[in-house]
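Engineer: Below are the sequence and a predicted model for it; my questions follow.
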Amino acid sequence: MAKRTHTGEYNRRVDIYQQTASTAPSTDGQVPETPEIITRRWAKRRAMRGQEKFGDKQIEADVTYLVWMRYDNWTKTITPKMWLKFNDGVRLNILRAFDPDDRHREILMECRNRVGDD
């Protein structure tokens, strides 16, 4: 059973984004995508070392953070197509999101630094 995170440990404000197709095509006929904030939540973020293991699976060197959030109707729909932006400016791509103990209390995400414009 996974250790439960206490409310006070969710001490970082984070916006969850995804790309959304524009309703109007651009002048060259393509439909541009723009980043859209899906929801804002409190989270816990922990930096990982490249050699640290997560269960039986070796974490790859580019996975640098674990992020926890409370499980709710929004967070249960998080996918790797989304990304996170913390109030301190840190932006992370979501590699995988899951309920670590299947008790619908928390969502745990494996993330890495996000590079690029958004």
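Structural biologist: Nice, thanks for sending it over. Residues are numbered from 1 along each chain as shown.
Engineer: now Gly8, what's its secondary structure?
Structural biologist: Assigned state for Gly8: helix (three-state reduction, DSSP: H, G, I helix; E, B strand; the rest coil).
Engineer: By mean pLDDT, which helix or strand of the protein comes out lowest?
Structural biologist: strand 53-54 (a mean of 55; mean pLDDT, DSSP states H and E).
Engineer: Scan this protein for its longest strand.
Structural biologist: Determined from DSSP state E, the single longest strand within the chain is strand 33-47.
Engineer: Between the two ends of stretch 84-96, what distance do you get?
Structural biologist: Its first and final residues considered, stretch 84-96 spans 12 Å by C-alpha to C-alpha, to the nearest Å.
Engineer: ugh, wrong one, I meant stretch 5-19
Structural biologist: End-to-end for stretch 5-19, by C-alpha to C-alpha: 30 Å.
Engineer: can you list the residues that contact the longest strand of the chain?
Structural biologist: Strand 33-47 has contacts (C-beta atoms under 8 Å, 6 or more residues apart in numbering) with 5, 9-22, 64-70, 74-75, 82, 84, 86, 90, 118. Heads up, the C-betas are built off the backbone N, CA and C, glycines and all.
Engineer: Return a PyMOL selection command for the buried portion of those residues.
Structural biologist: Burial among the contacts of strand 33-47 is assessed by 16 or more other C-beta atoms under 10 Å; the matching PyMOL selection reads:
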select buried, resi 5+10+12+14+15+16+17+64+65+66+67+68+69+70+75+82+84+86+90
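Engineer: Tell me the strands beside the longest strand of the chain, with direction?
Structural biologist: strand 12-21 (antiparallel), strand 65-70 (antiparallel) (DSSP bridges).
Engineer: ok now the shortest one, how far from the chain's centre?
Structural biologist: Taking C-alpha atoms, centre = their mean, to the nearest Å, one finds strand 65-70 lying 7 Å from the centre of the chain it belongs to.
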